[in-house]
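# Here is the input, now give the coordinates:
(2 chains)
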Amino acid sequence: MRSSTQYSPENTIHPFSVSLRKFYSMEHSLSEQEQIRRDSLQELVNLGINPYPPETFAVTVTAKEIKQNFPDDNTLYQDISIAGRIMSRRIMGAASFAEIQDETGRIQIYVKRDEICPDDDKTLYNIVFKRHLDIGDIIGITGYVFITKMGEITIHVTSLKLLCKSLKPLPIVKEKEDTLFDAFTDPEQRFRQRYVDLIVNPHVREVFVKRTQLINSMRNFLNAKRYLEVETPVLQPLYGGAAARPFTTHHNTLDMILYLRIANELYLKRLIVGGYPGVYEFSKDFRNEGMDRYHNPEFTQMELYVAYKDYLWMMDLVEEMVEQIALDLHGKTAIRVGDHLIDFKRPWKRFTMYEVIQHYTGVDISGMNEEGLRKTAKELNVPVDQTMAKGKIIDELFGEKCEPNLIQPTFIMDYPIEMSPLAKKHRTEDGLVERFELICNGNELCNAFSELNDPIDQRERFEAQSELSKRGDTESMVLDEDFLKALEFGMPPTAGMGIGIDRLTMIMTNQSSIQEVLFFPQMRPDKRST
RNA sequence: CUCUCCGUAGCUCAGCUGGCAGAGCAGCUGACUCUUAAUCAGCGGGUCCAAGGUUCGAAUCCUUGCGGGGAGACCA
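Residues are numbered from 1 along each chain as shown, chains lettered A, B, ... in the order given. Coordinates of the predicted model:
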């Protein structure tokens, strides 16, 4: 709760003068343009105008609605109220055109001196509008819509009110015939000052709207199937559910190390043990590893676990869900991504791991032992080292020789047991597990198994991971005694999967970098003077 | 972590083999009552990322550091 002292009498007389003094104490660090805006702010205050008024401004319509619906006979929108940020101004003496931008886009406004100043006092137009308002200021206007001689739908302003004075100059992006001039494109500035990026780059705003629509679409799909959305711990005493290095933190009261989760798999499976038939979670996960255009230290996954199902069933569900998302976002299943047209129309191609490696390398590795695989990898110029066991080498072969070629959505099934310690042994193929990944545009999007529910087998798999760890693998999984205890109470046969929300968003919005689908991607602190 | 490119006005960018720091837009002053990259006349605006070095002289050459992009390595 705020202190009541700010409502003392001297403050209520000039509610904004206190903060103004603070601004002026910073004068030495201001650019010329910033100083001019602060001077304008002071002039507005001197005229009795509050540059940051508290009361509601009633908006009746958006820019987009007007542009879509304004009729030829000029009968609609004759008494409207709209608010937005001034994005451009063209002043011609006693009349001006400007553009304001609301959350739906831009619309031109026409401000005529004698219209907003019907009496002798022309201060509002000559001083306030022309002299002390700037690009970037937020205003509310009332007026009526008409079409100019040049054919542009425009709001004829009858009254104008300042809603927020902007003190920093925006990048001015101009456009003519679909060509942008002085576009604000420097990635560093765009990501560090995402608010500026969002103001001046409307296509960026659209990407994030699509991201939320994607999540809504996925959630609606899962809720319609009556799965329960749940929340599980981010801070975990043991990290598990994936092969990755964690972030470490410390809890003071418990005086213990805690890890930020790398996956939520083991907790969600405990809930299946507890009796829920289907649970899912959208989860921020954290992995203390490299950063590049596909990896941010924190990222979002959706994991889903459904009892009494297997991985074949889950493959059908993933197809159905992603196809539905494409339809919800684009109204069609075929989407342009970079140079490719990717079609999510069901059914998708399905290959086993051995099939796809044979297809792209010509080598059948299905019967090979570790030495044979290492020899094959060397022959194919795939780098391997002594810490890699059989499963890891196969994974390398696949990642190097196959994955980049898989552009259309493709399921790769039946992985070597060594690289899948949480997946159930294959029902017919020795040495394999019931696992699939969805590959799309050359990248992994989704990972799923028939979940291992044999507690004795699971313990042996964890122990095998410990062996890998001794061999030098820093990402091997740690044994989770409580998870094993849960399995010993009995988990029904379960299908589980995780899907990368950031990567799916990249594909669905045709972005080539994960930073473009995260509002605030991780960056080093900016040590330059600001 | 390695290689490579980049960092100059609020924004986008020039600045050559070292010789007075530039343009367009934005801003300021003025003109203009249907403009739209508005137009016309005039004006101001810089820690050239930082530190050090070479030199009579460094935005420019060298070294180191900081920040970013791209390509690798690792991972999802």
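
# where do the strands sit along the stretch 51-200 of chain A?
A:80-92, A:95-102, A:105-112, A:138-147, A:153-164, A:174-176, A:179-181 (DSSP state E, counting those that start in this stretch).

# The stretch 201-350 of chain A now?
Using DSSP E, counting those that start in this stretch, strands in the stretch 201-350 of chain A cover A:228-229, A:235-236, A:248-251, A:256-260, A:278-286, A:298-307, A:334-337, A:340-343, A:349-352.

# Relative to RNA strand B, which of those strands is closest?
Closest to RNA strand B of the strands of the stretch 201-350 of chain A, according to C-beta to the nearest atom of the strand: strand A:298-307, at 3.5 Å. Just so you know, the C-beta spots here come from the backbone N, C-alpha and C atoms, and that holds for glycine as well.

# in that closest one, what's buried?
Neighbour counts using 16 or more other C-beta atoms under 10 Å place A:299-307 of strand A:298-307 among the buried residues.

# low pLDDT regions in the stretch 101-250 of chain A?
Applying pLDDT under 70 to the stretch 101-250 of chain A flags no residue at all.

# Now for the buried residues of strand A:298-307: which two are most distant?
Farthest apart among the buried residues of strand A:298-307 by C-beta to C-beta are A:299 and A:307. That separation is 27.1 Å.

# Need the CA coordinates for stretch A:141-148. CSV is fine.
Extracted in CSV, the C-alpha atoms of stretch A:141-148 (Å, rounded to 0.1, in the frame of the first residue of the first chain):
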residue,chain,number,x,y,z
ILE,A,141,-9.3,12.7,-29.5
THR,A,142,-12.9,13.0,-30.4
GLY,A,143,-14.1,13.6,-33.9
TYR,A,144,-15.8,12.2,-37.0
VAL,A,145,-14.4,10.1,-39.9
PHE,A,146,-14.2,11.3,-43.5
ILE,A,147,-12.2,10.6,-46.6
THR,A,148,-9.7,13.1,-47.8
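
# Show me what the helix or strand encompassing residue A:43 is packed against.
Assigned by DSSP states H and E, residue A:43 belongs to helix A:32-46. Secondary-structure packing of helix A:32-46 (3 or more C-beta pairs under 8 Å, 6 or more residues apart in numbering; DSSP states H and E): helix A:17-25.

# tell me the contacts of residue A:156?
A:109-110, A:112, A:115, A:143-146 (C-beta atoms under 8 Å, 6 or more residues apart in numbering).

# please redo it, this time with the cut-off set to 10 Å
Neighbour list for residue A:156: A:78, A:109-112, A:115, A:141, A:143-146, A:148 [criterion: C-beta atoms under 10 Å, 6 or more residues apart in numbering].

# Which among those residues count as buried?
A:109-111, A:115, A:141, A:143, A:145.

# Turn those residues into a markdown table, including distance to RNA strand B.
Shown next, in a markdown table, are the buried ones among the contacts of residue A:156 (distance: C-beta to the nearest atom of the strand, whole Å):
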| residue | distance to RNA strand B |
| --- | --- |
| A:109 | 10 |
| A:110 | 7 |
| A:111 | 10 |
| A:115 | 8 |
| A:141 | 16 |
| A:143 | 12 |
| A:145 | 12 |
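
# can these go into TSV with extra columns for distance to residue A:233?
Output for those, formatted as TSV (distance: C-beta to C-beta, whole Å):
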residue	distance to residue A:233
A:109	52
A:110	57
A:111	56
A:115	61
A:141	50
A:143	54
A:145	54
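
# Contacts only, for residue A:439.
Under the criterion of C-beta under 10 Å, 6+ apart, the neighbours of residue A:439 are A:348-349, A:351, A:356, A:398, A:402-412, A:445-446.

# how about stretch A:507-519: buried residues?
Buried residues in stretch A:507-519 (16+ other C-beta under 10 Å): A:507-511, A:514-518.

# Show me which residues of the stretch 301-450 of chain A are close to RNA strand B?
A:383, A:443-444, A:447 (C-beta under 7 Å from any atom of the strand).

# Out of the residues you listed, which is nearest to RNA strand B?
Using C-beta to the nearest atom of the strand, those come closest to RNA strand B at residue A:444, 3.3 Å.

# Tell me the pLDDT of the closest one.
In this model, residue A:444 is scored at 90, pLDDT.

# Let me know whether residue A:101 touches residue A:137 as I believe.
No: with contact defined as C-beta atoms under 10 Å, residue A:101 does not count as touching residue A:137 (11.5 Å).

# which residues do these two both contact?
A:85-86.

# Check the gap between residue A:377 and residue A:389 for me.
12 Å (C-beta to C-beta, to the nearest Å).

# which of the two has more neighbours?
residue A:377 (22 against 18; other C-beta atoms under 10 Å).

# The more buried one: helix or strand, and which one exactly?
helix A:370-379.

# So which bits of whichever helix or strand comes after that helix are buried?
Counting by DSSP H and E, the next helix or strand C-terminal to helix A:370-379 is helix A:390-401. By neighbour count on 16+ other C-beta under 10 Å, the buried set for helix A:390-401 is A:390-398, A:400-401.

# by how many degrees do helix A:390-401 and helix A:370-379 diverge?
Going by axes from the mean of the first three to the mean of the last three C-alpha atoms, to 10 degrees, helix A:390-401 is angled at 20 degrees with respect to helix A:370-379.

# other SSEs contacting the helix or strand following helix A:390-401?
Per DSSP H and E, the first helix or strand lying C-terminal to helix A:390-401 is strand A:410-416. In terms of contacts (3 or more C-beta pairs under 10 Å, 6 or more residues apart in numbering; DSSP states H and E), strand A:410-416 is packed against helix A:311-330, strand A:349-352, helix A:353-361, helix A:390-401, strand A:432-440, strand A:443-450.

# Comparing those, which comes out most buried?
strand A:432-440 (a mean of 24; mean count of other C-beta atoms under 10 Å).

# and the direction of that strand versus that of helix A:390-401, what angle?
20 degrees.

# Go through the helices and strands packed on strand A:410-416 and find the least confident stretch.
When I compare the helices and strands packed on strand A:410-416, helix A:390-401 is least confident, with a mean of 84.

# and it, how far out from the chain's middle?
Averaging C-alpha positions (C-alpha atoms, centre = their mean, to the nearest Å) puts helix A:390-401 30 Å from its chain's average.
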